[in-house]
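Undergrad: pasting the sequence and the predicted model now:
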2 protein chains.
Amino acid sequence: MNLNYVKEIAKWMQSDRPVAEVREELLNYHDRDIAFAIESLDGAARKKAFQILDEERLADVFSYFKAPLEYMDEIGMERFAAIVSDMDSDDAVDVLEELDDATRKRLAPLLQADARKAIRLIRSYDEDEIGSQMTTNFVRISQGISVKQATRSLILQADKNDNINTIYVSDGERHYVGAIDLKDLITAREYDDLEDIIVSSYPYVFAEEKIDACVDKIKEYAEDSIPVLDEERRIVGVITATDITELVDEEMGEDYAMLAGMTEASDLDETTFQSMKKRLPWLILLLFLGMGVSSVVGLFEQVVAQVALIVCFQSLILDMAGNVGTQSLAVTIRILMDENLSLGEKWKFIGKELRVGTYNGLLLGGMAFLFIGIYVTAAKGKTLAYAFTVSGCVGISLLVAMMISSLVGVLTPMFFHKIKVDPAVASGPLITTINDLVAVVTYYGLSWLLLIRMCGIHG
Amino acid sequence: MNLNYVKEIAKWMQSDRPVAEVREELLNYHDRDIAFAIESLDGAARKKAFQILDEERLADVFSYFKAPLEYMDEIGMERFAAIVSDMDSDDAVDVLEELDDATRKRLAPLLQADARKAIRLIRSYDEDEIGSQMTTNFVRISQGISVKQATRSLILQADKNDNINTIYVSDGERHYVGAIDLKDLITAREYDDLEDIIVSSYPYVFAEEKIDACVDKIKEYAEDSIPVLDEERRIVGVITATDITELVDEEMGEDYAMLAGMTEASDLDETTFQSMKKRLPWLILLLFLGMGVSSVVGLFEQVVAQVALIVCFQSLILDMAGNVGTQSLAVTIRILMDENLSLGEKWKFIGKELRVGTYNGLLLGGMAFLFIGIYVTAAKGKTLAYAFTVSGCVGISLLVAMMISSLVGVLTPMFFHKIKVDPAVASGPLITTINDLVAVVTYYGLSWLLLIRMCGIHG
């Protein structure tokens, strides 16, 4: 990639050439590279850069800034408001949400009326509703006009709107009636019927749909934009392909964080305290759940005291069970997110996970039986019978633990999904605890039964 | 979302209306919905559907099929080739890659020459190179023509190409010179200078760049398409916004799968055997690593035999260490993926992770010391001194294990990144083992020192 562009831009911004010439030159660069160049400058040079660029260009550049608010003082409140007014409405909302209430109240009256209206609309939706992610930057034409009129209307609106690849059509009452692919409009002849190129069953979402319920469907259409309708079927905004990339990224990032036992995704710039806050909840829960497991292990203290050797393999069984459970959990979370399973498909899926757990358990349990038997005979100098009774306990416990862990890993997120809780909260730590309990009880129970009760082995 | 569209389409396809009327009607629906409707039909109805739609429309529909090859026999080899020839080149490649070699050899000569050329070009790149993901479906104009000529050239090319939002400009030797935003072309006046609206430093990638090295940069530009250049700086294709969504989805999906101890992401339709194959490698490795940990625990057999109570808290310490390690690991993998850290930033990041681990360790170690002390006194009827010596061992071990786990969780993926291995392979199981070892040695070592050597406690 072209990191050099950023350096070139920075050089232009600090040059002594006339402002008009530099501004002209900067038209040749991408807004994102301009943003990165400005971020790399020091205070004085940055102030100059803000003077070189006009408000319209700065509005485009602003959407790429990591922390746009930092520049509010340098730019001045009034100009800042003008820039935000010129931004895509969803990007403007992102900037405003970072402001504290007092500053927002001071800034709001300075915004242009139409920007204020768009921002208010987007902010009226909950953050888990798709309406909160839309932009009001789209092109709309009326039904019943000619191809020529439609083209003229597009040209007029294109000046203010970037998302022109799909043009939306509404009727006299502003209800959504369909979409026109820009390509079809461009290649249409002047006297073609506009009606013929309107796709009247073009997909849409309602603004109040939950993001996690519709993001995968939107993604599947692989479109440049999908219209967002209010409850009266009027187009209020669009979700663009780049919005979709962001939403997919965020949704996966959250599942990923949950799987790792964190409440939300981390980034490089957060403070130590912010990092701690994201990690402590699961850790504290795990501590108390772990104490529960400890007290169950405590029930087997006598078994352990009599055959200390078996303790060696506790961590092996628990880790294996935990890992198998996490595998099932991870697969189940993604599948619950991506697909709407029928009851039959659910049973089939549970069956498959159980089969995978069982076959893997048979294989690994068998390997453990063999290798641990050999190890105990050779390294600990025990008899073959003793060694293979111990390794038998390990092998059978592995099989049982892996079967049950698979089931727990698939049923727990399904249960959470059913009660409308994000299945990702059934994350690692919770699954770990359940599987630990199962594994510990199986292993020590079996050891007690086989080693002590049946074979009378001690120490 | 509009699931009803799929049912409406299926009804149209099975209706007795004249083919021309149905075909006309189906123009009102989105290709994706048509694809879903066809997938929902049985053999005979589907055959009819394939007759209703012409090859150009089927080409668009085909990119949404889950298993397009299943329909090859129903459609016939020759017509299938015509459809694939009409598809976006990257989608056509996806179809062809699913074919066995023999069928591909039979199909290839039936493809149109330009499609065959585009497919060969895309397939010439390795699957981890960005060139393998591009489409050759883009609009290119020559430098030095007028706005009017550019518009005419666009209209001619738009008939065959969907990605018209950004128009690429090349010079006499076909070298890339920049890009034009379609919006700027549409709003330009007939006698404006085309040169003025060319963004000459529009970002690009080279076809041979590695996907994981450039996908985040491409994402950041938030563009509808980014041009792909060959080593001589000629445009050979573009990466579209929907490609980027797919790439981000895949990349995150792989990290997610790795974190869960799987070699790659799973989907609903894979067989039990395929699922097993993705999960067994890490499980088998974990089994052997786990046996290593077991033999280390074995060194403390005498400690355990003398103070069986301490075994109760082994799972607690190991789970906590494992979870802290996974948290650090998960954060580090994402940050290594997203950012190019300087050496200073790396040290800062390692320092922060260590601080997070230490503070969390102090907090949780303290809680464990207190609560476990009380528990051992109350539930096990031991003296206060004995109970708090045991809980002291647990608390200190927790602190040490969490500090070291944090470090391991951040240093292991950094090491893998350094030696150019995907840091996600430093996944859960590997980290778990290292942390198990650290935790076991700390805990039993400390117990031996404090309980047996210093206090002379037995049983």
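TA: Thanks, I have it. Keep in mind that this is a model prediction, so the values were computed, not measured. Numbering: from 1, shown residues only, chains lettered A, B, ... in the order given.
Undergrad: stretch A:183-196: end-to-end distance?
TA: Using CA to CA, to the nearest Å, the end-to-end distance of stretch A:183-196 comes to 13 Å.
Undergrad: who touches that stretch?
TA: Stretch A:183-196 is contacted from outside by A:143-148, A:150-151, A:154, A:167, A:180, A:197, B:27, B:154-155, B:158-159, B:161-162, B:164, using CB atoms under 8 Å, 6 or more residues apart in numbering or on different chains. For the C-beta atoms, the positions are set from N, CA and C on the backbone; glycine is no exception.
Undergrad: show the buried residues in the residues you listed.
TA: A:147, A:150-151, A:154, A:167, A:180, A:197, B:154, B:158, B:161-162, B:164 (16 or more other CB atoms under 10 Å in any protein chain shown).
Undergrad: and residue A:326, how close does it get to residue B:322?
TA: Distance of residue A:326 to residue B:322, computed by CB to CB, to the nearest Å: 10 Å.
Undergrad: quick check: neighbours shared by those two?
TA: residue A:432.
Undergrad: who's more crowded, those two?
TA: The residue with more neighbours, out of residue A:326 and residue B:322, is residue B:322; 32 against 25, by other CB atoms under 10 Å in any protein chain shown.
Undergrad: pretty sure that one sits against residue B:405.
TA: Yes - at 7.3 Å, residue B:322 counts as touching residue B:405 under the criterion of CB atoms under 8 Å.
Undergrad: what residues are shared contacts of the two?
TA: B:431, B:435.
Undergrad: isn't residue A:300 right up against residue A:446?
TA: No - applying CB under 8 Å, one finds residue A:300 not in contact with residue A:446, separated by 10.8 Å.
Undergrad: those two: who's more crowded?
TA: The neighbour comparison of residue A:300 against residue A:446 (other CB under 10 Å) goes to residue A:300, with 22 against 17.
Undergrad: how near is the more buried one to chain B?
TA: From residue A:300 across to chain B, the span is 8 Å (CB to the nearest CB, to the nearest Å).
Undergrad: looking at that residue now. What's its pLDDT?
TA: Note for residue A:300: predicted pLDDT of 84.
Undergrad: and for the one 4 residues further on?
TA: pLDDT, residue A:304: 81.
Undergrad: was I right about residue A:329 contacting residue A:259?
TA: Yes - Residue A:329 is in contact with residue A:259 according to CB under 8 Å; the separation is 7.4 Å.
Undergrad: skip the chain neighbours and tell me the closest residue to residue A:404.
TA: residue A:438 (4.8 Å; CB to CB, 6 or more residues apart in numbering or on different chains).
Undergrad: quick one: the helices in the stretch 301-450 of chain A?
TA: Along the stretch 301-450 of chain A, the stretches classed as helices by DSSP state H, counting those that start in this stretch are A:301-306, A:314-338, A:343-380, A:384-418, A:428-447.
Undergrad: from the chain's centroid, how far away is the second one?
TA: Yep, that's helix A:314-338 we're talking about. 20 Å (CA atoms, centre = their mean, to the nearest Å).
Undergrad: show me what counts as buried in it.
TA: A:314-337.
Undergrad: just want the angle from it to helix A:428-447.
TA: 140 degrees (axes from the mean of the first three to the mean of the last three CA atoms, to 10 degrees).
Undergrad: near chain B, which residues of the stretch 1-150 of chain A? Just list them.
TA: Residues of the stretch 1-150 of chain A lying near chain B by CB under 8 Å from any CB of the partner chain: A:1-2, A:5, A:8, A:27-30, A:32-33, A:63-64.
Undergrad: and residue A:107, how many neighbours?
TA: Neighbours of residue A:107 using other CB under 10 Å come to 18.
Undergrad: likewise residue A:138?
TA: 24.
Undergrad: quick one, what contacts the closest residue to it other than its chain neighbours?
TA: If the residues on either side of it in the chain are set aside, residue A:138 comes closest to residue A:238, at 4.3 Å by CB to CB, 6+ apart. Counting by CB under 8 Å, 6+ apart, residue A:238 touches A:134-135, A:137-138, A:163, A:166, A:168, A:225-228.
Undergrad: no further queries at this time; thank you.
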